[in-house]
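1. fold the following and give me the result.
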Amino acid sequence: MYQLMKTLENNRRTAADNISHAQERQKERHDKHLPEQPMEFKIGDQVLLYHTKTEKQWSGKFDPKWDSSFHIHEALGNGTYKL
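-> Now for the predicted structure:
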């Protein structure tokens, strides 16, 4: 019984190590594809508006996900803008 408990403890430790190692590798792969600096817009730039509500709607499968161009009027900080 003691041998079985010790084996189980070792297997759990090994599994936890494997999970943390896999998570680190996933984070590295994900971070590799991110831009170095977040995109900054200036006042007067033209941007497209993305409709986030259409992401999970199946009824509007062929509806456009982007709205026509808008001009930025004010930068509010933290990546938010007044269009």
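
2. distance of the residue nearest the centre of the chain from residue 57?
-> Among the residues of the chain, the smallest C-alpha distance to the mean C-alpha position (C-alpha atoms, centre = their mean) belongs to residue 30, namely 8.8 Å. Computed with C-beta to C-beta, to the nearest Å, the distance linking residue 30 and residue 57 is 26 Å. C-betas here are computed from N, CA, C, even on glycine.

3. this protein: strands as residue ranges?
-> In order along the chain, the chain carries the following strands (DSSP state E): 46-50, 66-71, 74-77, 80-82.

4. same list (these) but as JSON lines, adding distance to residue 22 and mean pLDDT.
-> Listed next are the strands of the chain as JSON lines, based on distance: least, C-beta to C-beta, whole Å; pLDDT from 0 to 100:
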{"stretch": "strand 46-50", "distance to residue 22": "31", "mean pLDDT": "89"}
{"stretch": "strand 66-71", "distance to residue 22": "35", "mean pLDDT": "87"}
{"stretch": "strand 74-77", "distance to residue 22": "36", "mean pLDDT": "86"}
{"stretch": "strand 80-82", "distance to residue 22": "34", "mean pLDDT": "88"}
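
5. dump those strands to a markdown table, plus distance to residue 34 and mean neighbour count.
-> Compiled in a markdown table, these are given as follows (distance: least, C-beta to C-beta, whole Å; neighbours: other C-beta atoms under 10 Å):
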| stretch | distance to residue 34 | mean neighbour count |
| --- | --- | --- |
| strand 46-50 | 18 | 12 |
| strand 66-71 | 21 | 11 |
| strand 74-77 | 20 | 10 |
| strand 80-82 | 19 | 12 |
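
6. let's have these in TSV, adding distance to residue 6.
-> Conversion of the strands of the chain to TSV gives the following (distance: least, C-beta to C-beta, whole Å):
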stretch	distance to residue 6
strand 46-50	54
strand 66-71	58
strand 74-77	55
strand 80-82	55
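
7. quick one: low-confidence parts of the chain?
-> By pLDDT under 70, the chain has no low-scoring segment.
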